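Visitor: I would like the atomic coordinates for the input below:
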Amino acid sequence: MMSTLPTVGTILYLYSMCYVDATSQLMCQCTGMAMDDLKGKIREKAIEHGFKLCRITAPQLDKRHIQGLQNWLDADMQADMNWMAEEVRLQRRKQPESMLSDVQSIITVAMPYTPPAYSLDEACHAEGQGVISAYAHGDDYHDLMKKRLKAFAADLDLMLGKRDQRVFVDTAPVLEHALAEASGLGWQGKHTLTIHRDMGSWFLLGEIFTTANIEVDEAAINHCGSCSACINICPTGAIVAPYVVDARLCISYLTIEYDGFIPHHLRTLMGNRIYGCDDCQMVCPWNSHASQVTLRLHDQNEWNDPLKPRGENHLPDLASLLHLDDDGFRKLFRKSPIKRSKRAGLLRNVCIAMGNSGNTLFVDDLITVLADDEILIRGHAAWALGRLSDTENYHRIGIELSYCSQREEDSEALDEMNVTIEYLRSKYDYT
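Guide: Predicted structure coming up:
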């Protein structure tokens, strides 16, 4: 999902992928300047607005993309995102030309963000800390990119003449990764994210649909070869085949989009990932190169991340997050995409990370939130306490859970408490 991808957009790319050839060369009818000069000026203007990549494609999808999306939905891999299969939205995804009357061209852009400053091994073994997907280390890209795309579109009106235009960032029914590949911006990797030879996959996509008729670029060529690193590393096995991600297993979906009780068999596989998952990107050979490019741009003062990564989202302290109240959560994540998960979702994930940590010092913190107003937090705290039980603390944990279970009114949270109590009884002969 997203990918990462993570947000609604993190999931929009989860479908099987084929490769699209540019089928026509549209000549620009809106200006007399040479086509190469025009496209060069468009790309220069995109860079001015913070988009490092910019390409052009036609508003059609190859039928293989369309069939891949349908196959993904037929297999129920969209999990509980039922809106993905709604007829009107589905048809719009299959027919990008339906998103704007008389649309002639789609301008695809990419805005890079800073890769993680830690290795995958460092992230997984960060004691007492949680892992947040790199794109969410700073400001919410939805708002920032949409504003920049609108400003870019206004400049295009000055360059090409007034045209009907629509800008999209992630949440619209647009197959952005298919369009990016068709435009030549990058190819879609086996993890379903778009990859560029120099920038890897550490960037976010946006589109401008326009009635201006601009010559299309050549489609990207896939360079994944026989590599399967992203498939092999996925903690939950969510990449069920090359270019196919099952949202029901994807940590990005589970920690961001899903607002329910996470299945028990997936909790232990989540480790300390509390918002999204970058594992498939961090092992990609193309991203090893991309990270060096990004560092060089920083050193040469040629690029500053417009998302402004904040230190508090860099391997944050789990205990501090668990004790956030509603006001604290809103203040801390006011401009962050993490606000999408809401306090209940994020702290649910924190409870799971604590349970997976093996650190019994978290027992006191988890007991405290057994009385939280949110059922997701109470239920997952109960599970985590069972994971952290040992011969010295099991009796206390059992007493606290028994006390809370007698007052619990929610059936799902109560089930979590009772399951943990039964576990303690069977393991420690607790009565």
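
Visitor: For the rest of this, base every contact and every neighbour count on C-alpha atoms.
Guide: OK.

Visitor: low pLDDT regions in the protein?
Guide: 1-35, 291-303, 430-431 (pLDDT under 70).

Visitor: residue ranges for the strands of it, please.
Guide: 53-57, 105-112, 131-132, 165-168, 187-188, 194-195, 203-210, 239-241, 244-245, 273-275 (DSSP state E).

Visitor: Which of those strands sits closest to residue 283?
Guide: strand 194-195 (13.0 Å; Cα to Cα).

Visitor: Quickly list what the nearest residue to residue 47 once chain neighbours are set aside is bridged to.
Guide: Closest residue in space to residue 47, ignoring its immediate chain neighbours: residue 53 at 7.4 Å, by Cα to Cα, 6 or more residues apart in numbering. Counting by DSSP bridges, residue 53 is bridged to residue 110.

Visitor: dump the residue contacts of residue 53.
Guide: Counting by Cα atoms under 8 Å, 6 or more residues apart in numbering, residue 53 touches 43, 46-47, 109-111, 185.

Visitor: Relative to residue 351, which of these is nearest.
Guide: Distances from residue 351 to those, taken by Cα to Cα, are shortest for residue 111, at 32.9 Å.

Visitor: Quickly note the distance from that closest one to residue 429.
Guide: Computed as Cα to Cα, to the nearest Å, the residue 111 to residue 429 distance reads 57 Å.

Visitor: More neighbours: the two, which one.
Guide: A count of neighbours by other Cα atoms under 10 Å puts residue 111 above the other of residue 111 and residue 429, at 22 against 11.

Visitor: residue contacts, the nearest residue to that one once chain neighbours are set aside?
Guide: Leaving aside its chain neighbours, residue 111 sits nearest to residue 51 (4.6 Å; criterion: Cα to Cα, 6+ apart). By Cα under 8 Å, 6+ apart, residue 51 lies in contact with 109-112.

Visitor: Pull the most distant pair out of those.
Guide: Of all pairs drawn from the contacts of residue 51, the widest gap by Cα to Cα lies between 109 and 112 and measures 10.0 Å.

Visitor: First residue to last residue on stretch 188-208, what's the distance there?
Guide: 20 Å.

Visitor: repeat for stretch 192-211
Guide: One end of stretch 192-211 to the other measures 29 Å (Cα to Cα).

Visitor: buried set for that stretch?
Guide: Across stretch 192-211, burial judged by 16 or more other Cα atoms under 10 Å covers 192-196, 198-211.

Visitor: still on that earlier bit, filter the contacts of residue 51 down to the buried ones.
Guide: Of the contacts of residue 51, these count as buried by 16+ other Cα under 10 Å: 109-112.

Visitor: show me where the stretch 101-250 of the chain has helices.
Guide: Counting by DSSP state H, counting those that start in this stretch, the stretch 101-250 of the chain has helices at residues 120-124, 141-160, 176-183, 229-233.

Visitor: Using the record's assignment, carve the chain into domains.
Guide: In terms of domains, the chain is parsed into 1-115+138-308, 317-351+358-431 (source: automatic domain parsing).

Visitor: and the last one, how far from the chain's centre?
Guide: Going back to what we said before, that points to domain 317-351+358-431. How far domain 317-351+358-431 lies from its chain's middle: 25 Å, per Cα atoms, centre = their mean, to the nearest Å.

Visitor: what's the answer for stretch 196-211, then?
Guide: The answer for stretch 196-211 is 15 Å, by Cα atoms, centre = their mean.

Visitor: got it, and stretch 312-330?
Guide: 20 Å.

Visitor: ok, now stretch 110-120?
Guide: Once both centres are worked out by Cα atoms, centre = their mean, stretch 110-120 turns out to sit 13 Å from its chain's centre.

Visitor: end-to-end on it?
Guide: Taking Cα to Cα, stretch 110-120 runs 24 Å from one end to the other.

Visitor: how about the residue nearest to residue 186 when sequence neighbours are not counted, what does it touch?
Guide: For residue 186, ignoring the flanking residues on the chain, the nearest one in space by Cα to Cα, 6+ apart is residue 196 at 4.6 Å. Counting by Cα under 8 Å, 6+ apart, residue 196 touches 185-187, 286.

Visitor: okay, those residues in JSON lines with distance to residue 119 and neighbour count next?
Guide: Below are the contacts of residue 196 laid out as JSON lines (distance: Cα to Cα, whole Å; neighbours: other Cα atoms under 10 Å):
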{"residue": "185", "distance to residue 119": "27", "neighbour count": "29"}
{"residue": "186", "distance to residue 119": "24", "neighbour count": "29"}
{"residue": "187", "distance to residue 119": "24", "neighbour count": "29"}
{"residue": "286", "distance to residue 119": "15", "neighbour count": "19"}
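
Visitor: what's the burial count for residue 83?
Guide: Applying other Cα under 10 Å, we find 12 residues neighbouring residue 83.

Visitor: Could you find the closest non-adjacent residue to it?
Guide: Nearest residue to residue 83 in three dimensions, chain neighbours excluded: residue 89, at 7.4 Å (Cα to Cα, 6+ apart).

Visitor: The one you found reaches residue 175, doesn't it?
Guide: No - look at residue 89 against residue 175 with Cα atoms under 8 Å: they stay out of range, at 11.2 Å.

Visitor: And the two? Which one has more around it.
Guide: residue 175 (23 against 15).

Visitor: State the distance from that one to residue 225.
Guide: 23 Å.

Visitor: One more: residue 322?
Guide: Distance of residue 322 to residue 225, given as Cα to Cα: 43 Å.

Visitor: which one of the two has more residues nearby?
Guide: Of the pair residue 322 and residue 225, residue 322 is the one with more neighbours under other Cα under 10 Å, namely 22 against 8.
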